[in-house]
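Engineer: can't give you the sequence, but here's the structure:
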């Protein structure tokens, strides 16, 4: 999600314009694969169940409080049941004051894993290799296209390197614990 503080003069219950969305890791067009996304907002919103059946899969609202948003993703071929996700809407920065110039970005990376997908689903997955391009609509208050500069880039190679480094740290700690255990065990056997 991306939240933009509306400034000190904003109405009490409209302090932030926020956006919640489902996108490809590098903003790939998911429409060949994803049929519909249902966003379940807080019950205080008018029409809290938002159904989006075309890309970009996103909802924009004004609000003042943080809450969990339920997200259900349905796929075109219908063989897979919808996948349920939860997302914490974050409006306020972790440190510092809110800013109209620095939106609060809270993205989470999830991977969909399909066990033995049918050929039709595989074909749809392979069709998701183009970037989503959405024109800015003149006169609209907000456009999905204006959000893209704030998206978190996901680099698979960098993620792999981080995972390998974490694995090396765990292995090193395991070796240290083994050595400590062997030393304690040796001391106990002398008693």
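Structural biologist: That came in fine, so what should we check first? Computed from a predicted model, the values in this text were never measured in an experiment. Residues are numbered from 1 along each chain as shown.
Engineer: in a helix, residue 35, correct?
Structural biologist: No - under DSSP: H, G, I helix; E, B strand; the rest coil, residue 35 falls outside any helix and is assigned strand.
Engineer: and the longest helix seen in the chain, how far from the chain's centre?
Structural biologist: Determined from DSSP state H, the single longest helix within the chain is helix 156-190. Here the centre of helix 156-190 is set off from its chain's centre by 32 Å, with CA atoms, centre = their mean, to the nearest Å.
Engineer: what packs against that helix?
Structural biologist: If contacts are counted by 3 or more CB pairs under 8 Å, 6 or more residues apart in numbering; DSSP states H and E, helix 156-190 sits against no helix or strand. The way it works is simple: take the backbone N, C-alpha and C, and place the C-beta from them, glycine included.
Engineer: quick one: average pLDDT of it?
Structural biologist: What helix 156-190 shows for mean pLDDT is 85.
Engineer: could you pull out the helices for this structure?
Structural biologist: Using DSSP H, helices in the chain cover 119-126, 156-190.
Engineer: need the winner for burial among these.
Structural biologist: Highest mean neighbour count among these (mean count of other CB atoms under 10 Å): helix 119-126, with a mean of 14.
Engineer: starting at the chain centroid, how far to it?
Structural biologist: 23 Å.
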